[in-house]
Structures are given as structure tokens and as C-alpha cells.
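Engineer: got a sequence here, can you build the structure:
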Amino acid sequence: MSSCVLVTGGSGFIGTWVLHELLAQGARAVVVDPHPALSRWQRVLGQQASEIATSDAKLTDPASLLRVIEQHQVTHIIHLAALLTPACQADPFLGCQVNILGGTSVWEAARLSNRVRSISYASSYAVYGPETGGNESSPNRPPTFYGAFKQAMDLIAEQYWRHFGISSVAVRPHVVYGPERDIGLTAGPSLATKAAASGEGYTIGYTGQVGYDYVEDVAQAFVRAAFECPPGSTVVDLPGEQATTEKFAHTIETVVPAVQGKILVDGPAIPANIPPHPRYISELFPDWRVTSLEDGVHRTVEFYRDLNR
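Structural biologist: Residues are numbered from 1 along each chain as shown. As a prediction, the model looks like this:
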């Protein structure tokens with residue numbers, strides 16, 4: 001029987017592309033998400049969307065998750081479900097319930113099952129502060145509740161390895177872009193690319209230089225980390241491609257010359273969240289290759305043009 005992967009948050013932007021990658025590898029998938037995104041699945045997965053099993057299990061209830069694991073004979077878990085920065089800042093207690101209690105529930109269900117081989121999960125560059133230091137006297141610190149919750153889950157994953165031998169890999173993307181990204185401030189470049197595919201202009205609402213990770217690279221990272229997880233509680237950073245918002249806008253205009261001068265940038269600078277001692281995914285997978293910004297933008301444009309044909 002093929003591997004079966006439990007994907008929490010499988011209806012989200014990254015989760016949908018994780019499902020795409022799992023199906024491409026012939027794996028079965030079951031999604032725990034209170035809001036199945038059937039229309040997004042149809043756009044990304046096509047007819048294969050019908051192959052995805054869903055469950056109304058409660059994320060914060062290990063017994064509920066355990067029933068899903070047993071019912072579907074789950075072998076691996078990809079944990080993506082989380083509230084993002086604005087929601088965590090607006091309601092830290094709810095953010096803690098979902099991001100920490102929910103995450104701990106996933107590990108506990110895996111422990112109780114005695115069948116889950118490994119877990120990959122979403123950490124974040126949000127664990128890094130804006131400082132460039134990172135030494136003992138001036139360490140990088142999470143600037144938000146969201147970053148603090150992600151850092152806490154990294155520590156909790158380490159404890160489940162120490163005491164129960166549950167191996168995991170935390171994957172830390174920076175700004176993820178590509179087809180179907182539509183929520184959050186840093187969705188701007190993706191929405192600008194979508195607009196450009198239809199010949200329309202767009203204003204990206206922030207400035208600053210960050211690393212950009214193409215969504216199919218990110219999905220592949222989670223799937224490889226789940227299936228090729230080494231013993232221990234490993235944390236890896238995705239390198240992405242460093243670029244200013246202006247460079248991203250210029251790349252869109254290069255790929256779609258018809259929108260030259262129509263992709264604008266205006267807004268506050270976002271923090272760079274610099275890792276003081278990065279451990280890039282290439283240390284775990286030496287054959288890792290990064291999709292260039294130009295290739296990622298081109299593939300995003302083609303995705304939307306294909307939908308409109």
C-alpha cells in the first residue's frame with residue numbers, strides 16, 4: 001500500500017501545492033482543515049482533487065487526530081495549519097491555541113499511533129528578529145506572537161524527539177509566492193503577477209528586501225522532508241532568492257512586457273528577518289535546486305493564462 005500523508009491546513013495556498021506534489025509522487029493524502037478549498041483544489045489539482053480524502057477532526061484534539069491516523073493508515077504527517085501574524089497579534093490566546101496546542105496535538109497523536117514515521121512542518125523566518133547579530137549577548141528574537149509560537153513549536157518538536165523518538169523536519173520559508181497566493185501583505189507580488197497575466201497593473205503594498213520562495217519549491221521541501229526525514233528534530237531554512245520589492249516588480253514587467261510601468265511599489269518596509277546562523281535545506285538535500293525568481297514568475301503567469309484559455 002502506498003504511503004498516506006495527513007496534511008493539516010491542506011486547503012491553504014501552500015497546502016494545496018503540497019497535495020499537488022504528493023499526488024505527483026503517487027501518495028495518498030487526507031486533509032484536516034475546517035474549510036476545504038474545493039475550488040482551489042480544482043484549479044491546481046484538476047480531476048485529481050477527487051482523490052483527496054478530508055476529515056472534520058479537530059486540530060486541538062489528539063484523540064480526534066488519532067482516529068484519522070488509524071482510519072487512513074497514515075504513515076507521515078505534514079503539519080501546516082496555523083493562524084498567521086495578523087490573527088495572532090489580534091488574538092494571542094487564540095493564536096496560542098491553534099499554533100501551539102494544535103501543533104502539540106499533532107505530535108501527541110503521532111506518538112499515540114505508533115505508526116507515523118516522521119513529521120515535516122512549517123516553521124518560519126518569523127522566528128528571526130530584524131537584528132543582524134545573533135550572538136549570546138544580542139540574539140535574534142521573534143518580533144511577533146506568530147514568530148514566538150513558531151519558535152515554541154520548534155522546541156516542542158525537539159522534546160518529542162528526545163523523549164519519544166519522533167523525528168521531524170521544520171521547514172522555514174521566507175516569503176512564499178506563486179499561483180493561488182491571495183492572503184496577507186506579502187501576497188502582493190503574487191497578486192501583481194496574477195494581474196499581469198491578464199494585462200492589468202497592480203501596486204505591491206510594501207518595500208524591503210527579503211528572500212522569495214516559489215511555492216512548488218516549498219511544497220517539494222515539505223514532502224521530501226516528510227519522506228526523507230533523518231533521525232532527530234531538524235530545522236532547515238529555505239534560501240529563496242533575495243530581492244527587493246522593486247526587483248520583483250521589474251521581474252514581472254520583464255516576463256510580461258505589456259505591463260511595463262504598471263506594476264508599482266508603495267508601502268512600509270517589512271523586516272528582513274535575517275537568520276544569524278542559517279542551515280539551508282541543501283545541507284539536508286545536497287541536490288536541492290532553487291527556482292529562480294524569473295522562472296517562478298513565468299510559471300505563475302502561465303498558470304493563470306492556462307486557466308483563462
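Engineer: how about the strands in this structure?
Structural biologist: For the chain, strands defined by DSSP state E occupy the ranges 4-8, 28-32, 53-55, 76-79, 118-122, 168-172, 175-177, 202-204, 209-214, 233-237, 241-244, 263-265.
Engineer: any chance of those strands in JSON lines, plus mean pLDDT?
Structural biologist: Formatted as JSON lines, the strands of the chain follow (pLDDT from 0 to 100):
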{"stretch": "strand 4-8", "mean pLDDT": "98"}
{"stretch": "strand 28-32", "mean pLDDT": "97"}
{"stretch": "strand 53-55", "mean pLDDT": "96"}
{"stretch": "strand 76-79", "mean pLDDT": "98"}
{"stretch": "strand 118-122", "mean pLDDT": "98"}
{"stretch": "strand 168-172", "mean pLDDT": "98"}
{"stretch": "strand 175-177", "mean pLDDT": "97"}
{"stretch": "strand 202-204", "mean pLDDT": "98"}
{"stretch": "strand 209-214", "mean pLDDT": "96"}
{"stretch": "strand 233-237", "mean pLDDT": "97"}
{"stretch": "strand 241-244", "mean pLDDT": "96"}
{"stretch": "strand 263-265", "mean pLDDT": "98"}
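Engineer: can I get these in TSV including mean neighbour count?
Structural biologist: The way it works is simple: take the backbone N, C-alpha and C, and place the C-beta from them, glycine included. Converted to TSV, the strands of the chain look like this (neighbours: other CB atoms under 10 Å):
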stretch	mean neighbour count
strand 4-8	26
strand 28-32	23
strand 53-55	16
strand 76-79	27
strand 118-122	25
strand 168-172	26
strand 175-177	25
strand 202-204	20
strand 209-214	23
strand 233-237	21
strand 241-244	16
strand 263-265	20
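Engineer: so which of the ones you listed gets nearest G46?
Structural biologist: Of all the strands of the chain, strand 28-32 sits nearest to G46, with 14.9 Å by CB to CB.
Engineer: for stretch 92-102, buried residues please.
Structural biologist: With burial defined by 16 or more other CB atoms under 10 Å, the residues of stretch 92-102 counted as buried are P92, G95, C96, V98, N99, I100, G102.
Engineer: same thing with stretch 301-309?
Structural biologist: Those buried within stretch 301-309 under the rule 16+ other CB under 10 Å are V301, F303, Y304.
Engineer: and of the residues you listed, the nearest to D237?
Structural biologist: Ranked by distance to D237 (CB to CB), those are led by F303 at 26.2 Å.
Engineer: so the closest one touches S190, yeah?
Structural biologist: No. The criterion here is CB atoms under 8 Å, and F303 misses it with S190 at 10.6 Å.
Engineer: what residues sit buried inside the lengthiest helix in the chain?
Structural biologist: Looking across the chain with DSSP state H, the single longest helix is helix 145-164. In terms of neighbour count (16+ other CB under 10 Å), helix 145-164 has its buried residues at 145-154, 156-158, 160-161.
Engineer: same thing with stretch 50-60?
Structural biologist: Result for stretch 50-60 [16+ other CB under 10 Å]: buried residues I52, T54, S55, A57, L59, T60.
Engineer: now stretch 242-256
Structural biologist: Of the residues in stretch 242-256, A243, T245, F248, A249, H250, T251, I252, E253, V255, V256 count as buried by neighbour count, 16+ other CB under 10 Å.
Engineer: between the buried residues of stretch 301-309, which sits nearest V7?
Structural biologist: For these, the nearest to V7 is F303 (20.9 Å; CB to CB).
Engineer: which ones are touching that closest one?
Structural biologist: G178, P179, A197 (CB atoms under 8 Å, 6 or more residues apart in numbering).
Engineer: swap in 10 Å and give it another go.
Structural biologist: Contact partners of F303, counting by CB atoms under 10 Å, 6 or more residues apart in numbering, are R43, V44, G178, P179, E180, T193, K194, A197.
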